[in-house]
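>>> Just to be clear, the model below is a prediction. Sequence and coordinates:
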Amino acid sequence: MDDQTRDADLIALGRALRALRDRAGMTQEQLAALLGMDATYISRIERGRRGVQWLTVQRFLRALDATLADLAAEVERQRQPRS
């Protein structure tokens, strides 16, 4: 996988996690507090500036009351060209 593909994947995942957080009505600070993380860490993930481990993705999904299917659908939406 080249760097450009990796970056695009990280951005799509981050935007999808942000969309799920927005749908849950939480701020980054609220999610960070719930997960015992720093809000800047969540921000970096959502901006695609940082990768995220599978266990962390699972923690996000539980905190956001979302499923893996919700995340996958949102990632696909984020990959669609923006007009």
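Received, thanks.

>>> Which helix runs longest in this structure?
The single longest helix within the chain, with elements called by DSSP state H, is helix 3-23.

>>> Strands of this structure, residue ranges please.
Applying DSSP state E to the chain gives no strands.

>>> Low-confidence ranges, it, go.
Low-confidence segments of the chain (pLDDT under 70): 83.

>>> which helices and strands sit right next to the longest helix of the chain?
helix 39-46, helix 54-63, helix 68-79 (3 or more CB pairs under 8 Å, 6 or more residues apart in numbering; DSSP states H and E). All C-beta spots, glycine's among them, are computed from the backbone N, C-alpha and C.

>>> Residue 50 and residue 42, how far apart?
9 Å (CB to CB, to the nearest Å).

>>> Residue 26 now?
10 Å.

>>> These two: which has the busier surroundings?
Of the pair residue 26 and residue 42, residue 42 is the one with more neighbours under other CB atoms under 10 Å, namely 26 against 17.

>>> What residue, apart from its backbone neighbours, is nearest that one spatially?
Using CB to CB, 6 or more residues apart in numbering and skipping residues adjacent in sequence, the residue nearest residue 42 is residue 28, 4.7 Å away.

>>> list the buried ones in stretch 43-53?
43, 44, 45, 46, 48, 52 (16 or more other CB atoms under 10 Å).

>>> got the contact list for the second one?
Contacts for residue 44 (CB atoms under 8 Å, 6 or more residues apart in numbering) come out as residue 50.

>>> same thing with the last one?
Applying CB under 8 Å, 6+ apart to residue 52 gives the contacts 13, 17, 45, 60.
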